[in-house]
Every structure is written in C-alpha cells, then in structure tokens.
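1. The amino acid sequence is not available; the structure is as follows:
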C-alpha cells in the first residue's frame with residue numbers, strides 16, 4: 001500500500017513539474033514576442049493560477065512520497 005502512495009506522489013510531483021515547465025516556456029515565448037506591457041501582463045495573469053496549481057500539486061506529491069516512505 002505504501003508503494004502505491006510513493007508512486008502516486010512521484011506521479012503528482014512529475015505532473016506538477018511539467019506544469020511549471022509549461023509556465024516557464026509560455027512566459028518566455030510571450031517575452032520573446034516583444035508584447036506590450038498590457039499584453040504581457042495579461043499573459044502573466046493567465047499563467048499565474050496554473051503556476052500556483054502546479055506548484056501545489058508538486059508539493060502535495062512530495063509530501064505523499066515523504067509520508068509513504070516514512071510509514072513504509
């Protein structure tokens with residue numbers, strides 16, 4: 001059972017990491033496009049919730065890995 005917790009945590013952490021990398025690429029692409037300040041701000045506002053969600057998912061996954069390895 002604890003192995004399942006560990007692997008589920010690893011999957012959550014990797015999914016969060018993919019989300020964070022996607023956010024980095026999205027903002028980098030917007031900065032390279034030389035958008036105006038308002039347009040760049042709109043892109044950042046749209047990326048922020050995804051960034052925070054991905055970070056939270058990564059943290060929860062790492063907590064699940066730690067809990068599974070401590071109990072198992």
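-> Structure's in. What do you need? The model shown is predicted, which means the values in this text are computed figures rather than measured ones.

2. burial of residue 12, as a residue count?
-> 20 (other C-beta atoms under 10 Å). C-beta: built from backbone N, CA, C; applies to glycine.

3. does it sit in a helix or strand, and which one?
-> helix 2-32 (DSSP states H and E).

4. list the helices and strands that helix packs on?
-> Under the contact definition 3 or more C-beta pairs under 8 Å, 6 or more residues apart in numbering; DSSP states H and E, helix 2-32 sits against helix 37-71.

5. What residues of the helix it packs on count as buried?
-> By neighbour count on 16 or more other C-beta atoms under 10 Å, the buried set for helix 37-71 is 43, 47, 51, 54, 57, 58, 61, 64, 65, 68.

6. Of those, just say which sits nearest to residue 8.
-> Among the buried residues of helix 37-71, residue 64 lies closest to residue 8 (C-beta to C-beta), at 6.1 Å.

7. contacting residues around the closest one?
-> Neighbouring residues of residue 64 by C-beta atoms under 8 Å, 6 or more residues apart in numbering: 5, 6, 8, 9, 12.

8. Kindly report the same for residue 62.
-> 9, 13.

9. got it, and residue 18?
-> So residue 18 contacts residue 54 (C-beta under 8 Å, 6+ apart).

10. Surely residue 71 touches residue 3?
-> No. Residue 71 lies out of contact with residue 3 (C-beta atoms under 8 Å); the separation is 11.0 Å.
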